[in-house]
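K.L.:
below: sequence and its predicted model.
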Amino acid sequence: MNRRVVVTGMGAITPIGNSVEEFFDNVQAGKCGFDFIKCFDTENFAAKIAAEVKDFDPKNYMDAKVARRMDRFSQFAVAAAKEAVENSGLDLNTIDHERFGVIVGSGIGGIDLIEKETKTLMEKGPKRVNPLFIPMTITNMAAGNIAIQYGAKGVCTNVVTACATGNHCIGEAFRSIKHGYSDIILAGGTEGSITPLAVAGFTALTALSTSTDPLRASIPFDKERDGFVMGEGAAILVLEDYDHALARGAKIYAEVVGYGATCDAYHITSPAPEGEGGVRAMKLAMQEANITPKEVSYINAHGTSTPTNDRLETAALKQAMGEDAYKVPISSTKSMIGHLLGAAGAVEAVICIKAMEKSFIPATIGLTVPDEECDLDYVPNVGRNAKLSYTMSNSLGFGGHNATLIFKNMEV
């Protein structure tokens with residue numbers, strides 16, 4: 001028998017807030033988290049703007065010695081997990097730790113340390129490379145560090161699917177609980193890759209915006225969009241079996257009811273024609289949730305602000321939602337926080353859940369020049385108050401990975 005899966009805790013470290021409440025308050029305010037990159041000199045770089053996390057001190061979330069043994073992406077994940085666990089009210093002394101898991105991924109992992117230690121190797125030789133270089137940089141260490149922190153002895157893994165990582169991690173955690181393998185899983189994504197090599201690489205791919213105006217850099221669905229803006233941060237959800245949550249009197253924020261995962265099997269960076277892989281992911285998620293397009297109250301689009309993605313995602317939304325595509329409000333919150341790569345879906349899941357709690361539809365800020373090929377209701381510039389029953393979140397990753405999640409308001 002399938003079990004119901006609910007969200008009982010959330011944590012977030014983002015470019016516009018280092019807690020869930022601060023983050024969503026700024027989402028409601030339409031705050032722009034972009035500025036000129038401060039963590040390295042961009043003089044010779046075409047892309048100079050990013051969405052950096054501000055005022056983050058890992059010592060506020062973990063022991064200083066432990067923090068030094070983690071790359072930035074792991075620090076973000078452990079910090080977000082701390083808020084999520086505290087927010088959930090879990091009593092770690094009473095749960096079954098063998099049915100308590102972690103599924104947290106990163107699209108790139110410890111690229112910051114990879115760059116620094118490569119320089120050390122070239123300049124000072126192999127004996128000077130950090131002895132913890134490997135365990136600090138491999139992508140599974142965000143999940144591993146969280147599991148160590150909380151004694152999670154159940155499933156502990158990381159799904160790595162580029163920009164779809166966060167959604168896939170949450171989706172796979174949902175399935176593990178739904179089918180009875182786990183009771184509680186900390187799930188989400190993390191990324192800390194605003195580095196010279198990552199920015200240079202995405203720029204060489206012509207994926208990043210080269211705008212020097214923070215307010216016109218990440219402008220999803222706008223006709224003048226020219227690429228995405230790199231973001232960083234993490235978000236973690238506490239997913240829990242519904243009966244388990246009820247038995248301990250937990251506050252329930254939302255129910256996870258649908259998950260669709262597909263592959264384009266088409267191209268390493270470009271979506272399939274008309275976004276057909278994304279269409280199937282959305283349809284599968286709605287099928288599992290047992291809802292029709294009419295019942296979807298809000299869609300958080302992948303909406304990267306690249307010319308190709310936004311056009312093809314619009315086409316995919318039209319196919320998946322039919323005539324209701326023109327009726328459902330859709331927005332890209334990457335207009336405020338940029339593209340968090342492996343953390344994107346997790347942060348956007350928090351937005352979908354808080355949107356239901358606060359009865360608020362976030363805006364796509366900076367959308368001022370309409371694009372005739374992106375003609376859906378993308379909630380330009382100003383958010384709306386509305387009662388939301390079901391929210392949908394799309395994530396699409398290089399390699400053709402597509403993942404859609406659907407969350408249900410518990411008051412429905």
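P.N.:
Structure received.
K.L.:
hey, let's count contacts and neighbours off CA atoms from now on
P.N.:
Fine.
K.L.:
list the buried residues of stretch 23-33.
P.N.:
For stretch 23-33, a neighbour-count test (16 or more other Cα atoms under 10 Å) marks 23, 24, 26, 27, 28, 30, 31, 32, 33 as buried.
K.L.:
same thing with stretch 35-48?
P.N.:
For stretch 35-48, the neighbour count (16+ other Cα under 10 Å) marks 35, 36, 37, 42, 46, 47, 48 as buried.
K.L.:
any chance of these in CSV, plus pLDDT and secondary structure?
P.N.:
CSV is the format used below for these (pLDDT from 0 to 100; DSSP: H, G, I helix; E, B strand; the rest coil):
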residue, pLDDT, secondary structure
35, 98, strand
36, 98, strand
37, 98, coil
42, 98, coil
46, 98, coil
47, 98, coil
48, 98, coil
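K.L.:
and the residue nearest to residue 189 when sequence neighbours are not counted, how many neighbours?
P.N.:
Distance criterion Cα to Cα, 6 or more residues apart in numbering; nearest residue to residue 189, sequence neighbours excluded, is residue 343 at 4.0 Å. Counted with other Cα atoms under 10 Å, the neighbours of residue 343 add up to 36.
K.L.:
tell me the secondary structure for residue 343?
P.N.:
Here residue 343 is recorded as helix under DSSP: H, G, I helix; E, B strand; the rest coil.
K.L.:
residues in contact with it?
P.N.:
Going by Cα atoms under 8 Å, 6 or more residues apart in numbering, residue 343 touches 105-107, 163, 165-166, 188-191, 232-235.
K.L.:
for it, give me the pLDDT.
P.N.:
According to the prediction, residue 343 has pLDDT 98.
K.L.:
where do the helices sit along the stretch 301-412 of the chain?
P.N.:
Using DSSP state H, counting those that start in this stretch, the helices of the stretch 301-412 of the chain run over 307-321, 334-337, 344-358.
K.L.:
follow-up on the earlier one: farthest pair in the buried residues of stretch 35-48?
P.N.:
The most widely separated members of the buried residues of stretch 35-48, counting by Cα to Cα, are 35 and 46 (14.4 Å).
K.L.:
name the residues of whichever helix in the chain runs longest that are buried.
P.N.:
Taking DSSP state H as the criterion, the chain has its longest helix at helix 72-88. Going by neighbour count (16+ other Cα under 10 Å), the buried part of helix 72-88 is 72-85, 87-88.
K.L.:
chain center to that helix: distance?
P.N.:
Chain-centre distance of helix 72-88: 14 Å, with Cα atoms, centre = their mean, to the nearest Å.
K.L.:
check stretch 21-28 too.
P.N.:
15 Å.
K.L.:
likewise for stretch 278-296?
P.N.:
Taking Cα atoms, centre = their mean, one finds stretch 278-296 lying 20 Å from the centre of the chain it belongs to.
K.L.:
try stretch 207-225
P.N.:
Relative to its chain's centre, stretch 207-225 lies at 20 Å (Cα atoms, centre = their mean).
K.L.:
over to stretch 277-295?
P.N.:
20 Å.
K.L.:
can you tell me which of the buried residues of stretch 23-33 is closest to residue 5?
P.N.:
Nearest to residue 5 among the buried residues of stretch 23-33: residue 24, at 23.1 Å, using Cα to Cα.
K.L.:
the closest one against residue 351, yeah?
P.N.:
Yes - at 6.9 Å, residue 24 and residue 351 qualify as touching, with contact defined as Cα atoms under 8 Å.
K.L.:
and the strands in the chain?
P.N.:
5-13, 35-36, 49-50, 100-105, 156-157, 184-191, 233-241, 254-263, 298-300, 330-331, 360-361, 384-385, 390-397, 401-408 (DSSP state E).
K.L.:
could you dump those into a markdown table with distance to residue 148 added?
P.N.:
Output for the strands of the chain, formatted as a markdown table (distance: least, Cα to Cα, whole Å):
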| stretch | distance to residue 148 |
| --- | --- |
| strand 5-13 | 18 |
| strand 35-36 | 35 |
| strand 49-50 | 32 |
| strand 100-105 | 10 |
| strand 156-157 | 10 |
| strand 184-191 | 12 |
| strand 233-241 | 16 |
| strand 254-263 | 26 |
| strand 298-300 | 32 |
| strand 330-331 | 37 |
| strand 360-361 | 36 |
| strand 384-385 | 41 |
| strand 390-397 | 29 |
| strand 401-408 | 28 |
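K.L.:
which of those sits most buried?
P.N.:
Across the strands of the chain, averaging neighbours per residue (mean count of other Cα atoms under 10 Å) puts strand 184-191 on top, at a mean of 34.
K.L.:
give the other helices and strands that that one contacts.
P.N.:
helix 72-88, strand 100-105, helix 165-178, strand 233-241, helix 344-358 (3 or more Cα pairs under 8 Å, 6 or more residues apart in numbering; DSSP states H and E).
K.L.:
which one of the strands of the chain lies nearest to residue 372?
P.N.:
Between residue 372 and those, the tightest spacing by Cα to Cα is seen for strand 330-331, at 15.9 Å.
K.L.:
partners of the closest one, with directions?
P.N.:
strand 298-300 (parallel) (DSSP bridges).
K.L.:
run the chain-centre distance for the strand it pairs with.
P.N.:
14 Å.
K.L.:
again with stretch 126-146
P.N.:
Put simply, stretch 126-146 sits 23 Å off its chain's centre (Cα atoms, centre = their mean).
K.L.:
ok, and what's touching it?
P.N.:
Here stretch 126-146 makes contact (Cα under 8 Å, 6+ apart) with 69-71, 73-75, 77-78, 81, 102-111, 113-114, 117, 120-121, 152, 156-158, 160, 190.
K.L.:
tell me the mean pLDDT for that stretch?
P.N.:
For stretch 126-146, mean pLDDT rounds to 98.
K.L.:
cool, and stretch 197-206?
P.N.:
With pLDDT averaged residue by residue, stretch 197-206 scores 98.
K.L.:
lovely, talk soon.
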